[in-house]
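A.B. asks: Next input, structure requested:
(2 chains)
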Amino acid sequence: MKKQMSALVALAALCGPALAVAQEPDSGSTAWMLTATALVLMMTLPGLALFYGGLVRSRNVLSVLMQCFALCCVISLIWVAFGYSLAFAEGNGLIGGLSKAWMRGVELDSLSGAIPETVFAMFQLTFAIITPALIVGGFAERTRFAGMLLFSILWLLVVYIPVAHWVWAADGWLYARGFRDFAGGAVVHVNAGIAALVAAIVIGNRTGFPATPMPPHNLTMTVIGASLLWVGWFGFNAGSAVAANGAAGMALLVTHVGAAAGATAWMTLEWIRFGKPSVLGIVTGMVAGLGTITPASGFVGPMGALVIGLVAGVVCFFATQFVKRKLKIDDSLDVFPVHGVGGFTGLLLTAVFSAAAVDGLGLPDGVGVGGQLITQLIGAVATLVWSGVGTFVILKLVNLVSPLRVTTEQENEGLDLVLHEERGYSL
Amino acid sequence: MKLITAVVKPFRLDDVRNALGEVGVQGMTVTEVKGFGRQRGHTELYRGAEYVVDFLPKVKVEVAVSDELVDRAIEAIIGAAKTGKVGDGKIFVMDLDQVYRIRTGETGDQAI
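C.D. replies: Below is the predicted model of the structure:
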């Protein structure tokens, strides 16, 4: 293949400027992005699926796995139909156009920067899959499959895709303002976090919450899932460099530091507060650290990441206690306090730790920490409001057409049997 | 004939099985159960949500014994299952009207 290309190039050079030469993608970056795409898909299947699956009661384990799997399938189809186009094709500040619908123009040789456009579209798809899958944690164990599917599809179109466009598309209004969200602090974590909180409130608490014990049925499964998330997150953050270079390497490093710091902080807090460190605590702290470092991962240095991770562990720890114990909202798998609060915190800390003075990779010329902080706040709040309101409206509309909540009897019997006529375990 | 039901701590099961074997009781049925008497449960903590778990895992051993063996069987169970701490369990002794060996049709003491 390479010899033929070289011959073509030589021929083209002889023919002069009249003949256009097909540019080749950067092989190193392409190889990395192919890998990163696989890693991020693994974060949903089976990373998140197992993480969540272990946290619910055994009678509902399949419902969680099914939700993650089904969302991956359905969202993938919508993405290649018009999702990718609406997110990334040229449009206006708020939304993309339909020029790339049905993947028109995305061909074998099409490039997005230095990598094939097919790979870029796929990489972005894995983010579009995991974000609605995260929301599932907010309404686990009481939501109808059909209602969840309809909600998630509408949420992808009305909330996720516009926000992704604002932040990551070249003509997005937040991108144009210099909003810094390297790998999805706003697009993924704040987005999903607030949606999960709203959904938990609208759909209502699980029957018996908070008096009835509803402990995780299989923490070994959860830890396996968490481990896959840690490894997969290297694709999530380092892959967002869209290149195999120093930036990806630094993103890899700071991501890892964020995870380790978040986990250690949570474990320590639990140890002090409750007397014993728990396995659920340490993995939750890891997720908090990762979610918080996500927006910062392309802009900060390792020492900044250390602080960010520690702050994440502490802030998300107290946020979780607050939502569960004080507000008594049944965000079953703590999506808002971990991802929502974490992502929001990370977006703000990005401004602070981008500064070269604190080991960061620097801010743009003429932009100070204060100015960047305001930009970060604008983007974080815009995402929060758009997702929060959008989620509320979509839930209300969906409920008219397809009830979101199962009946109490169905809830008691368990979603696996009631919605899928299957058992997770035949022991 | 008597049906002896003993609820004991799970880790004593092997000792109980051996002790019964030594006094001549060979067959038994064992079930994993949950329960409590005076022994208190424990608390579990998941992300700040604390649960008190009342039920403790126990093992239920059921043996059918002829009248002559009853006292020795009970002595064997108590000897093997006792730890001296709260939660050691209980033994229930019930009259057994009839016993059948399914394979041969034997009844009564022949079937035990």
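A.B. asks: and residue 46, how many neighbours does it have?
C.D. replies: Here I'm looking at chain A. Other residues lying near A:P46 total 17 when counted by other Cβ atoms under 10 Å in any protein chain shown. All C-beta spots, glycine's among them, are computed from the backbone N, C-alpha and C.
A.B. asks: switch to chain B, that's the one I care about
C.D. replies: A total of 18 residues lie near B:Y46 under the criterion other Cβ under 10 Å.
A.B. asks: cool, and A:V61?
C.D. replies: The tally of other residues near A:V61 (other Cβ under 10 Å) stands at 25.
A.B. asks: For it, which non-adjacent residue is spatially closest?
C.D. replies: A:G424 (4.0 Å; Cβ to Cβ, 6 or more residues apart in numbering or on different chains).
A.B. asks: And for A:V106?
C.D. replies: Nearest non-adjacent residue to A:V106, counting by Cβ to Cβ, 6+ apart: A:E117, 5.0 Å away.
A.B. asks: State the distance from the one you found to chain B.
C.D. replies: Plainly put, A:E117 is 42 Å away from chain B if you go by Cβ to the nearest Cβ, to the nearest Å.
A.B. asks: for A:A81, same thing?
C.D. replies: Using Cβ to the nearest Cβ, one obtains 38 Å as the distance from A:A81 to chain B.
A.B. asks: All the strands of the chain, in order from the start?
C.D. replies: Here I'm looking at chain A. In chain A, strands defined by DSSP state E lie at A:111-112, A:115-116, listed in chain order.
A.B. asks: To clarify, I was referring to chain B.
C.D. replies: Remark: strands assigned in chain B by DSSP E are B:2-8, B:29-35, B:42-46, B:49-53, B:56-65, B:89-95.
A.B. asks: Out of those strands, flag the one nearest chain A.
C.D. replies: Between chain A and the strands of chain B, the shortest gap by Cβ to the nearest Cβ is with strand B:49-53, which sits at 3.7 Å.
A.B. asks: Dump that closest one to CSV, keeping only the CA atoms.
C.D. replies: Output of strand B:49-53 as CSV, limited to C-alpha atoms (Å, rounded to 0.1, in the frame of the first residue of the first chain):
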residue,chain,number,x,y,z
ALA,B,49,-26.2,4.8,53.8
GLU,B,50,-26.1,2.7,57.0
TYR,B,51,-28.1,-0.5,57.4
VAL,B,52,-28.6,-2.6,60.4
VAL,B,53,-28.6,-6.3,59.5
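A.B. asks: Does at least one residue of that strand sit close to chain A?
C.D. replies: Yes: using Cβ under 8 Å from any Cβ of the partner chain, we find that strand B:49-53 touches chain A at B:49, B:51-53.
A.B. asks: Alongside chain B, which residues does chain A contribute?
C.D. replies: Residues of chain A lying close to chain B (Cβ under 8 Å from any Cβ) are A:210, A:213, A:215-216, A:274, A:276, A:278, A:280-281, A:284, A:320-321, A:324-325, A:334.
A.B. asks: Tell me which two in these are the farthest apart.
C.D. replies: Of all pairs drawn from those, the greatest distance, 21.1 Å, lies between A:P210 and A:K276 (Cβ to Cβ).
A.B. asks: So which of those two has more stuff around it?
C.D. replies: Neighbours of A:P210 and A:K276, each counted by other Cβ under 10 Å, are more numerous for A:P210; the result is 14 against 9.
A.B. asks: so who does A:M148 touch?
C.D. replies: When contacts are counted by Cβ atoms under 8 Å, 6 or more residues apart in numbering or on different chains, A:M148 is found next to A:67, A:136, A:139, A:404.
A.B. asks: And for A:G298?
C.D. replies: For A:G298, the set of contacting residues under the criterion of Cβ under 8 Å, 6+ apart consists of A:180, A:182-183, A:237, A:240-241, A:247, A:250-251, A:361.
A.B. asks: per-residue pLDDT, it?
C.D. replies: The pLDDT attached to A:G298 in the predicted structure is 97.
A.B. asks: A:T126 contacts A:L34, correct?
C.D. replies: No: distance between A:T126 and A:L34: 11.8 Å, which falls outside the contact criterion (Cβ atoms under 8 Å).
A.B. asks: List the backbone torsions phi and psi for the residue lying closest to A:A114 once chain neighbours are set aside.
C.D. replies: Using Cβ to Cβ, 6+ apart and skipping the chain neighbours, the partner closest in space to A:A114 is A:D26 (4.0 Å). Backbone dihedrals for A:D26, given as degrees, to the nearest 10, come out at phi -70, psi 120.
A.B. asks: Surely A:D26 touches A:V242?
C.D. replies: No: judged on Cβ under 8 Å, A:D26 makes no contact with A:V242 at a distance of 10.1 Å.
A.B. asks: so what sits against both of the two?
C.D. replies: A:114-115.
A.B. asks: from the middle of its chain, how far away would stretch A:40-55 be?
C.D. replies: Average the C-alpha atoms of stretch A:40-55, do the same for its chain, and the two points are 12 Å apart (Cα atoms, centre = their mean, to the nearest Å).
A.B. asks: Can you list the buried residues in that stretch?
C.D. replies: A:40-55 (16 or more other Cβ atoms under 10 Å in any protein chain shown).
A.B. asks: Relative to chain B, which of the residues you listed is nearest.
C.D. replies: When the buried residues of stretch A:40-55 are ranked by distance to chain B (Cβ to the nearest Cβ), A:L55 comes first, at 8.4 Å.
A.B. asks: number of nearby residues for A:A70?
C.D. replies: Residues contacting A:A70 under the criterion other Cβ under 10 Å number 15.
A.B. asks: just to revisit the earlier point, show me the contacts for the residue nearest to A:A114.
C.D. replies: With the criterion set at Cβ under 8 Å, 6+ apart, A:D26 makes contact with A:114-115, A:243-244.
A.B. asks: Now render the residues you listed as CSV, adding neighbour count.
C.D. replies: Written out in CSV, the entries for those read as follows (neighbours: other Cβ atoms under 10 Å in any protein chain shown):
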residue, neighbour count
A:A114, 19
A:I115, 23
A:A243, 19
A:A244, 22
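A.B. asks: Columns pLDDT on top of those, output as JSON lines?
C.D. replies: Written out in JSON lines, the entries for the contacts of A:D26 read as follows (pLDDT from 0 to 100):
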{"residue": "A:A114", "pLDDT": "97"}
{"residue": "A:I115", "pLDDT": "98"}
{"residue": "A:A243", "pLDDT": "97"}
{"residue": "A:A244", "pLDDT": "97"}
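A.B. asks: Read off the pLDDT value for the residue in the stretch 151-300 of chain A that chain B sits nearest to.
C.D. replies: When scored by Cβ to the nearest Cβ, the stretch 151-300 of chain A has A:P213 as its residue closest to chain B, at 3.7 Å. pLDDT for A:P213: 85.
A.B. asks: Surely it is in contact with B:L45?
C.D. replies: No: with contact defined as Cβ under 8 Å, A:P213 and B:L45 do not form a contacting pair (10.9 Å).
A.B. asks: and these two? which has more neighbours close in?
C.D. replies: B:L45 (17 against 14).
A.B. asks: The more buried one is in contact with A:S278, isn't it?
C.D. replies: Yes: taking Cβ under 8 Å as the contact criterion, B:L45 and A:S278 are neighbours in contact, 6.6 Å apart.
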